[in-house]
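A.B. asks: Sequence first, predicted coordinates after that:
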Amino acid sequence: MFWDVTQLPLTPDGQTPIRVLTIAGTDSGGGAGIQADSRTFAMCGVHACVAVAAVTVQNTVGVSAFHEIPPEIVAGQVRAVVTDIGIGAAKTGMLASTEIIESVASVCNELGIGRDRRIPLLVDPVSASMHGDPLLHESALDALRTTLIPMATIVTPNLDEVSLLTGIDVVDDATARTAAEALHAMGAQYALVKGGHLRTSTSSTDILFDGSEFLEFTSPRIHTSNDHGGGDTLGSAIVSALAHGWTVPDAVAFGKEWVTKSLAASYDLGAGHGPVSPLWRLHDAEDA
Ligand SMILES: Nc1ncnc2c1ncn2[C@@H]1O[C@H](COP(=O)(O)OP(=O)(O)O)[C@@H](O)[C@H]1O
Ligand SMILES: Cc1ncc(COP(=O)(O)OP(=O)(O)O)c(N)n1
């Protein structure tokens, strides 16, 4: 354990907890996507609603196929949840196509989800799996840039996604800052450039930019190849904190501590990359 994570307040048994929504793809191997989001949401004590945008055929060694959900069904899930259950924050992950991205942007706009609206929106511009298998049609990158990222309270690309979206290859702190500026210029309120893929460093630093100030979130590098679902776990912890009304910098600090502990608790699974695990939270509760 590296530090004590300041936990989010838990709701007493029998009372309705804060609700959040993930709009993303499923992972049949249970490591990333909606499965990773739901695990972290549960461990953070919030109620998870889901809008499935795609179903992947996936295990620990890769993604062999995916099926896209019709855009109106994706939007329908979002509308059904928000108008009945109500949510405090939302997150997007794998959206696969231009049509789904446009449908999600439109329903979020209709329901007051997005930057400067009632409900904050985290956009994780998921483009490929860690094995390089595509999770987004290349033609949909433009819709991410021009339709969804401008609606984001916070956009959270990894370095491969930064390169696809901005053309900038991040190799150090200076290029990470330039990339954060480029992402902010696309219209996101905050840009978080995640540094997990800079494997040469002994630490892992994520850089947050709001148009005027850079904030750095650094953790020791965890030596593990079981890092599947790391981006989703970070994003869903941030969304849980945003739903509690935390500021974006405080929510990112919480998410960064959460994912670091989840990387330290990751485990072997299958023949490939095992998942990061927020189940450490159960042991912390046992110790309390
Ligand atoms: N080996 C590691 N040690 C510590 N933190 C890491 C490690 N790998 C990734 N992270 C952190 O996990 C989060 C997800 O990062 P990253 O791997 O860049 O994104 P993604 O999972 O979307 O590819 C970031 O906060 C990053 O700093
Ligand atoms: C359905 C689905 N969504 C997202 C991902 C990518 O997960 P992420 O945590 O961003 O990154 P890796 O674990 O692939 O490094 C996925 N694989 N599947």
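C.D. replies: Right, received. Where do you want to start? Ligands and ions are numbered 1, 2, ... in the order given.
A.B. asks: Can you classify residue 12 by secondary structure?
C.D. replies: coil (DSSP: H, G, I helix; E, B strand; the rest coil).
A.B. asks: distance of it from residue 234?
C.D. replies: Distance, residue 12 to residue 234, using C-beta to C-beta, to the nearest Å: 28 Å. (Each C-beta comes from the backbone N, C-alpha and C, glycine too.)
A.B. asks: Between the two, which is the more surrounded one?
C.D. replies: residue 234 (31 against 6; other C-beta atoms under 10 Å).
A.B. asks: Grab the nearest non-local neighbour of the residue of the stretch 1-150 of the chain found nearest ligand 2.
C.D. replies: The nearest approach of the stretch 1-150 of the chain to ligand 2 comes at residue 33, 2.7 Å away (C-beta to the nearest ligand atom). In this structure, residue 33 finds its nearest non-sequential neighbour in residue 27, 4.1 Å apart by C-beta to C-beta, 6 or more residues apart in numbering.
A.B. asks: Quick one: residues contacting that neighbour.
C.D. replies: Listed by C-beta atoms under 8 Å, 6 or more residues apart in numbering, the contact partners of residue 27 are 33, 34, 35, 36, 56, 58, 229.
A.B. asks: Excluding sequence neighbours, find me the nearest residue to residue 260.
C.D. replies: residue 219 (4.2 Å).
A.B. asks: Tell me the spacing between the residue nearest to residue 33 and residue 103.
C.D. replies: For residue 27, the distance to residue 103 (C-beta to C-beta) stands at 22 Å.
A.B. asks: cool, residue 233 as well?
C.D. replies: Residue 233 sits 26 Å away from residue 103, going by C-beta to C-beta.
A.B. asks: who has more neighbours, the two?
C.D. replies: Neighbour count, other C-beta under 10 Å: between residue 233 and residue 103, residue 233 has more, with 29 against 23.
A.B. asks: can I assume that one is in contact with residue 38?
C.D. replies: No: using C-beta atoms under 8 Å, residue 233 makes no contact with residue 38, being 10.8 Å away.
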